[in-house]
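>>> A structural model of the following input is requested.
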Amino acid sequence: MHGAAGAEAAVGGRFDEVGALERSAVEAEGLPRDGFLIDVGCGAGRLAAALRDWPGLRYLGVDVSPPLLEHARVTAARPTWRFELVTAATIPAPDQSADVVAMFSVITHLSETDTCAYFRELRRVLKPDGRGVVSFLDPAIPLHRQQVRPAWLEAIVTRIAWAPNVATSPITLRAWAEAADLIVVRIDSPSPVGQSLLVVAPAQ
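Down below sits the predicted model:
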């Protein structure tokens, strides 16, 4: 996804509605209003825009797309918030610093290798009582299966470079999380955000 066309496509519809659902999801996991949220795959800033009225919140949004990061930065309109470009499955934050790490519609576009790398990063950056909130496509849900398409087909349909949609079973995600020394708090499949949700915490 490149340039203005990519940003426009990624912003998509239901921007405010989806942002509000994501906000509810991180609130439900105990994000303090003066806490630190890391938004992996922040995209055009849906979650950031939904949280911009929290004056004490510290926020880091990371993404692979410069146009989307710029859109998110402008939309959030919070000069002290960080929006950073990443080129690998890493999170540019200190160990045990985050209250919540959100990954909405991220692992749906990643390989197993990158997803597992991000799970290890979640374990590293979360506070001992922190939570990771990860959305995913569940192959057991018909609507989710309909969204799974290979990259070459996405490119034909959208006429832009697009990451493939991949579905991963809750059993597989549980195994990957546990391998990264994360405890699975719960799995909601489906969930109000449209995809299923995996909630994890650092193993003690």
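
>>> which residues are in contact with the spatially closest residue to residue 87 that is not a sequence neighbour?
Here the nearest residue to residue 87 in space, its sequence neighbours aside, is residue 64; by Cβ to Cβ, 6 or more residues apart in numbering that works out to 6.7 Å. C-betas here are computed from N, CA, C, even on glycine. Residue 64 sits next to 85-87 when contact means Cβ atoms under 8 Å, 6 or more residues apart in numbering.

>>> let's see if you can find the most crowded of those residues.
residue 86 (14 neighbours; other Cβ atoms under 10 Å).

>>> for residue 189, see how far away that residue is.
28 Å (Cβ to Cβ, to the nearest Å).

>>> same question, residue 43
Counting by Cβ to Cβ, the gap from residue 43 to residue 189 is 22 Å.

>>> neighbour count: those two, which is higher?
residue 43 (24 against 18).

>>> number of nearby residues for the residue nearest to the more buried one when sequence neighbours are not counted?
Distance criterion Cβ to Cβ, 6+ apart; nearest residue to residue 43, sequence neighbours excluded, is residue 68 at 5.1 Å. By the criterion of other Cβ under 10 Å, residue 68 has 23 neighbours.

>>> what residues sit buried inside the helix or strand in which residue 68 is found?
Following DSSP states H and E, the helix or strand that holds residue 68 is helix 66-76. Buried residues in helix 66-76, defined by neighbour count with 16 or more other Cβ atoms under 10 Å: 67-69, 71-73, 75-76.

>>> same deal with stretch 76-95?
76, 78, 81, 83, 89, 91, 93.

>>> and for stretch 99-114?
99-110.

>>> show me what the longest strand seen in the chain is packed against.
If each strand of the chain is counted by residues according to DSSP state E, the longest one is strand 126-136. Counting contacts by 3 or more Cβ pairs under 8 Å, 6 or more residues apart in numbering; DSSP states H and E, strand 126-136 packs against strand 98-103, helix 112-125, strand 196-202.

>>> let's see it at 10 Å
Counting by 3 or more Cβ pairs under 10 Å, 6 or more residues apart in numbering; DSSP states H and E, the packing neighbours recorded for strand 126-136 are helix 15-28, strand 36-40, strand 98-103, helix 112-125, helix 170-179, strand 182-188, strand 196-202.

>>> name the nearest of the buried residues of helix 66-76 relative to residue 167.
Residue 167 has its nearest neighbour among the buried residues of helix 66-76 in residue 68, at 23.4 Å by Cβ to Cβ.

>>> how close does the closest one sit to residue 84?
To residue 84, residue 68 is 12 Å away according to Cβ to Cβ.

>>> what is in contact with the two at once?
The contact sets of residue 68 and residue 84 overlap at 42, 61 (Cβ atoms under 10 Å, 6 or more residues apart in numbering).

>>> correct me, but residue 185 touches residue 198?
Yes. Using Cβ atoms under 10 Å, residue 185 is in contact with residue 198, at 8.7 Å.

>>> alright, I will stop here.
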